[in-house]
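Participant: coordinates only, no sequence provided:
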């Protein structure tokens with residue numbers, strides 16, 4: 001027996017569940033597929049190893065779909081300043097929320113907290129079926145732009161519109177024949193949570209080392225989440241160190257900016273790459289988030305781009321419903337692609353350029369980037385423009401992400 005849906009979202013992570021929430025108020029019959037249920041958030045639960053720097057636009061999306069209050073009640077950490085400096089020279093830049101008339105720059109939130117809050121909203125919607133655990137196994141096109149989906153437990157579903165929100169290795173993208181371009185950086189990001197002798201000061205810190213950036217991000221309990229992007233060999237060596245050796249290496253790499261490392265939690269690492277789908281849409285199909293694009297994490301923009309994808313696609317779909325148009329038509333879906341693709345490509349290019357610029361050890365390049373950092377820091381208008389764009393306060397934003405006057 002095949003169950004029919006208007007829309008199926010493959011992937012119940014942060015981006016897929018945000019899209020489901022955004023469409024939960026429509027009459028669409030939606031299925032959200034998630035492979036692994038999350039453990040309920042508890043005060044005594046150790047912080048997730050993976051966190052996201054959430055900007056103001058993303059927070060507005062969370063608030064609009066009703067998930068923000070739950071996140072704030074659990075664990076969020078605002079950051080009001082960001083300090084970036086070059087380990088090989090004198091260059092530095094300081095972003096201060098007060099200088100641009102804002103109360104904060106953004107929030108550091110555990111991925112698990114974001115996902116769980118959104119899934120709680122999904123569970124409350126009478127028009128959304130949360131199928132969890134449910135893993136997509138096969139996809140076959142139907143006449144009329146629809147799709148037949150088979151899950152790994154044998155269940156079969158039919159949908160007019162299929163959304164791939166299933167990450168960088170998206171099965172939806174692969175099974176529907178959409179190619180990608182990109183490259184591996186031959187780097188890994190080592191992640192973990194640490195406690196320092198000095199307080200994090202609600203500041204996001206980032207030091208550019210010759211092997212890659214090292215970030216200390218403030219957590220709600222006074223600890224810092226670290227993201228240390230480095231060579232494959234050094235990442236493996238860092239994971240192999242005991243806690244004392246790792247703490248010493250980390251403090252030295254961070255130039256003791258927050259004092260000694262006095263507590264080290266579990267560590268992990270993930271590969272870094274740049275990737276972009278050749279197309280975001282086909283008839284009856286759309287890709288969002290990492291299924292469509294993967295960016296270097298040095299500026300923490302990956303999940304914010306994905307959430308803008310979700311909010312934009314939701315707006316396009318709702319506008320089509322209002323106009324009496326088919327939501328799975330290529331004409332409708334290309335509105336989403338045109339809206340988001342150029343902005344995503346620009347961000348991918350900028351982040352790749354920064355990665356290569358700060359990874360270049362040639363003396364003239366080092367001098368120029370240090371001078372550039374200091375010049376940007378001294379030019380208030382330029383610095384504020386960069387900050388406001390990164391915060392999601394400017395740009396061609398979907399309705400859910402805009403400031404409400």
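Facilitator: Thanks, I have it. These numbers come from a predicted model, not from an experiment.

Participant: use CA for all of it now, contacts and neighbours both
Facilitator: Will do.

Participant: how about the helices of the stretch 201-350 of the chain, start to end?
Facilitator: Assigned by DSSP state H, counting those that start in this stretch, the helices in the stretch 201-350 of the chain fall at 232-240, 243-253, 302-322, 330-358.

Participant: mind listing what's buried in whatever helix or strand comes next after the longest one?
Facilitator: Just to be clear, that refers to helix 330-358. Using DSSP states H and E, the helix or strand that follows helix 330-358 in sequence is helix 363-378. When burial is assessed from 16 or more other Cα atoms under 10 Å, helix 363-378 yields the following buried residues: 366, 369-371, 373-377.

Participant: now swap in stretch 142-160 and tell me
Facilitator: 145-150, 156-160.

Participant: what segments of the stretch 101-250 of the chain are strands?
Facilitator: 106-110, 128-131, 136-141, 147-151, 156-164, 180-196, 203-209, 212-218, 224-231 (DSSP state E, counting those that start in this stretch).

Participant: what pairs with the last one, and is each one parallel or antiparallel?
Facilitator: Pairing partners of strand 224-231, with direction, according to DSSP bridges: strand 180-196 (antiparallel), strand 212-218 (antiparallel).

Participant: next: the first one.
Facilitator: Taking DSSP bridges as the criterion, strand 106-110 pairs within the sheet with strand 51-54 (antiparallel), strand 77-79 (antiparallel).

Participant: next SSE downstream of the longest one?
Facilitator: Pointing back at strand 51-54 there. Defined by DSSP H and E, the subsequent element after strand 51-54 is helix 56-64.

Participant: which other helices and strands contact that next one?
Facilitator: With contacts taken as 3 or more Cα pairs under 8 Å, 6 or more residues apart in numbering; DSSP states H and E, helix 56-64 sits against helix 68-74, helix 302-322.

Participant: mean pLDDT for these: which is lowest?
Facilitator: Among the helices and strands packed on helix 56-64, helix 68-74 has the lowest mean pLDDT, at a mean of 93.

Participant: what comes up buried for it?
Facilitator: 68, 70-71, 74.

Participant: what do you get for stretch 298-318?
Facilitator: Of all the residues in stretch 298-318, those buried under the rule 16+ other Cα under 10 Å are 298, 300-318.

Participant: what about it, distance to the chain center?
Facilitator: The chain centre lies 9 Å from the centre of stretch 298-318; the measure is Cα atoms, centre = their mean, to the nearest Å.

Participant: ok, residues contacting it?
Facilitator: The contact list for stretch 298-318 (Cα atoms under 8 Å, 6 or more residues apart in numbering) reads 14-16, 18-19, 22-23, 26, 52-55, 57-58, 61, 213, 288-290, 294-296, 327, 332-333, 335-336, 339-340, 344, 351, 355, 390, 397-401.

Participant: ok, back up a step: please identify the most buried of the strands paired with strand 106-110.
Facilitator: For the strands paired with strand 106-110, the largest average neighbour count (mean count of other Cα atoms under 10 Å) is found in strand 51-54, namely a mean of 24.

Participant: mean pLDDT lowest for which of the helices of the stretch 201-350 of the chain?
Facilitator: helix 330-358 - the lowest mean pLDDT of the helices of the stretch 201-350 of the chain, at a mean of 92.

Participant: which strands and helices sit next to it?
Facilitator: strand 261-277, strand 281-282, helix 302-322, helix 363-378.

Participant: format the ones you listed as JSON lines; extra columns: distance to residue 94.
Facilitator: Shown next, in JSON lines, are those (distance: least, Cα to Cα, whole Å):
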{"stretch": "strand 261-277", "distance to residue 94": "23"}
{"stretch": "strand 281-282", "distance to residue 94": "39"}
{"stretch": "helix 302-322", "distance to residue 94": "21"}
{"stretch": "helix 363-378", "distance to residue 94": "6"}
